[in-house]
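1. predicted coordinates and the sequence they were generated for:
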Amino acid sequence: MAMFKQFGDPFHHEPRTTATMLAQLSVVKSKVDPNDIEAFFREAQRFCLNRVSELFWRNFPLSCPSFFITPELLHYLHKEFWDHDLQWCLNIIGEAEIDFRFSVLQPTAGSRHFKGSISKLKQVTGRVHCDVQCYLIAVIAGAAPPEVVVAICALMDFRYHVQAFSLFPLPLMFSMLISTPCLKTADDVAKAIGIKRVGVTIQWTVDTTEHPHVSEIKTPARSTNNNNYDPQICRYLDRAEKCRSFELATSLREQDAIRNQNTLLDGENSDEPSDVSDGEDDDRYNASQVSGLPGHARPSTNYFTISARLCGKQTGSVLLPLHSFIAGSMAVNLSYAPSLRQISVDEAAQKFGLPDLRAALADFLWHEEQYSEGFVHPIELQLWCKVWLQNEPIHGNPDVPPVQTLFCSPPTGLWALGHYDAAIFNVDAQCKWP
């Protein structure tokens with residue numbers, strides 16, 4: 001069976017099955033008493049086992065570690081990218097060159113800007129892995145051999161597609177990975193990441209177990225004096241638990257008082273029997289208790305729903321032009337007030353350094369005049385320096401993607417050529433991407 005140093009071997013090692021583990025534990029217990037923890041642990045380490053002598057899942061049906069250990073995104077995809085793909089690029093191009101290329105990238109809202117070194121980063125999180133993945137292909141282009149760029153791009157596409165909510169039939173792009181020695185077919189790719197055994201990868205996550213390291217260790221540690229951490233962290237957690245218990249008790253008390261008041265009002269105002277059974281009433285009461293508990297919720301804005309609702313309004317009930325609209329597979333949202341309320345075309349061209357602005361507008365206006373009725377040529381412009389974009393859900397994802405902010409700032413002292421975020425719009429309804 002493979003240890004972590006053999007994870008990169010180009011062949012399949014023996015799987016870690018239930019029968020094998022139980023047989024190894026039986027051998028260890030025949031040599032050492034499980035109650036002697038230190039001796040038992042030393043003997044178990046020879047078989048790459050920990051100090052657990054009785055597996056709680058030993059009698060469960062279908063409880064084979066090689067089957068029930070599910071793949072997850074953080075270590076199977078993002079950590080793999082950081083430990084392998086990025087290291088390949090660093091070895092081929094060099095740390096100094098990649099660090100320089102990352103440092104001169106334009107900052108983008110929502111993504112981290114690596115103005116320093118990425119090769120020396122410590123305590124790297126999954127969010128950093130994702131941000132580096134967004135930049136890496138463009139960074140290595142022109143510096144790495146074309147074959148390397150194609151290989152890194154193929155692996156990046158694989159990570160992107162494997163996070164889909166539905167993968168069967170398997171995408172054709174999986175064939176790009178068949179060149180690896182241990183993956184001969186797309187079916188082998190599915191087996192390697194466990195899709196055929198436990199379903200798609202996107203449903204499994206270690207965020208819940210990884211986050212306690214932040215909430216239970218890092219956050220309490222910030223309130224200490226950086227000496228003798230353990231008792232101070234325990235005191236912090238104890239007080240935080242007391243605060244949560246107090247908030248829970250007061251919330252339940254408040255909900256109970258509201259319920260009693262509503263019951264008295266209903267009894268005074270109605271003499272007819274209620275159609276709602278006691279069970280349904282209790283369910284509603286419990287739901288009201290849960291909804292009143294302390295907590296934070298941050299719903300994601302769905303600009304597709306907002307745009308569709310605005311388009312369905314009667315003419316004259318909303319101001320035109322709409323500031324939230326759909327362009328192809330993209331929802332666009334503008335703030336109510338523009339950044340520049342009134343500016344001429346020549347002034348805008350000079351301010352933003354766009355000498356061909358007038359020609360581009362003339363071509364656009366000619367096109368609109370040909371296909372739009374009652375089109376009026378604008379004399380002056382209104383400009384927005386910030387726009388919010390949102391993609392349609394893809395790959396069967398039921399959740400709407402997060403909103404992406406794009407900026408457009410005129411040249412300043414820091415940015416001599418301005419600060420412009422680029423975006424590609426697919427406005428052709430016949431073309432679907434991805």
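-> Arrived safely.

2. let me see the contact set for the closest residue to Ser223 other than its chain neighbours.
-> Spatial nearest neighbour of Ser223, excluding adjacent residues (CB to CB, 6 or more residues apart in numbering): Tyr236 at 5.6 Å. The way it works is simple: take the backbone N, C-alpha and C, and place the C-beta from them, glycine included. Residues in contact with Tyr236, defined by CB atoms under 8 Å, 6 or more residues apart in numbering, are Pro220, Ser223, Thr224.

3. do you know the pLDDT at Tyr236?
-> Predicted confidence (pLDDT) at Tyr236: the value is 93.

4. ok, now Phe102?
-> 92.

5. what segments of this structure are strands?
-> In the chain, the strands defined using DSSP state E lie at 324-327, 330-333, 340-343, 381-383, 386-391, 404-409, 419-420.

6. distance check, the residue nearest to Ser223 against Asn228.
-> Distance, Tyr236 to Asn228, by CB to CB, to the nearest Å: 13 Å.

7. likewise Ala240?
-> Shown here: Ala240 relative to Asn228, a distance of 19 Å by CB to CB.

8. ok, these two, which is more surrounded?
-> Per other CB atoms under 10 Å, whichever of Ala240 and Asn228 has more neighbours is Ala240, with 14 against 9.

9. which residues touch that one?
-> Pro220.

10. kindly report the same for the one 3 residues further on.
-> Taking CB under 8 Å, 6+ apart as the criterion, Cys243 is in contact with no other residue.

11. ok so, going back, most packed of the strands of the chain?
-> Among those, strand 330-333 has the highest mean neighbour count (mean count of other CB atoms under 10 Å), at a mean of 20.

12. okay, now the sheet partners of it, with direction.
-> Sheet partners assigned to strand 330-333 using DSSP bridges are listed as strand 324-327 (antiparallel), strand 386-391 (antiparallel).

13. contacts for the first one, please.
-> Pointing back at strand 324-327 there. By CB under 8 Å, 6+ apart, strand 324-327 touches 303-304, 306-308, 310-311, 331-334, 425, 427.

14. before we move on, back to that, mind giving me the PyMOL command for buried ones among the contacts of Tyr236?
-> Only the buried entries of these go into this PyMOL selection, using 16 or more other CB atoms under 10 Å:
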select buried, resi 220
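
15. out of the contacts of Tyr236, which are inside helices?
-> Within the contacts of Tyr236, residues falling in helices by DSSP state H are Pro220.

16. from the contacts of Tyr236, which is closest to Gln382?
-> The shortest gap between Gln382 and any of those belongs to Ser223, at 48.9 Å (CB to CB).

17. is it true that the closest one touches Gln232?
-> Yes: the pair Ser223 / Gln232 is scored as a contact, 7.3 Å apart, by CB atoms under 8 Å.

18. distance of the closest residue to Ile233 other than its chain neighbours from Arg239?
-> The shortest distance from Ile233 to any non-neighbouring residue, by CB to CB, 6+ apart, is to Pro220 (4.4 Å). To Arg239, Pro220 is 10 Å away according to CB to CB.

19. can you redo the contacts of Tyr236 as TSV with pLDDT?
-> Converted to TSV, these look like this (pLDDT from 0 to 100):
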residue	pLDDT
Pro220	91
Ser223	88
Thr224	90
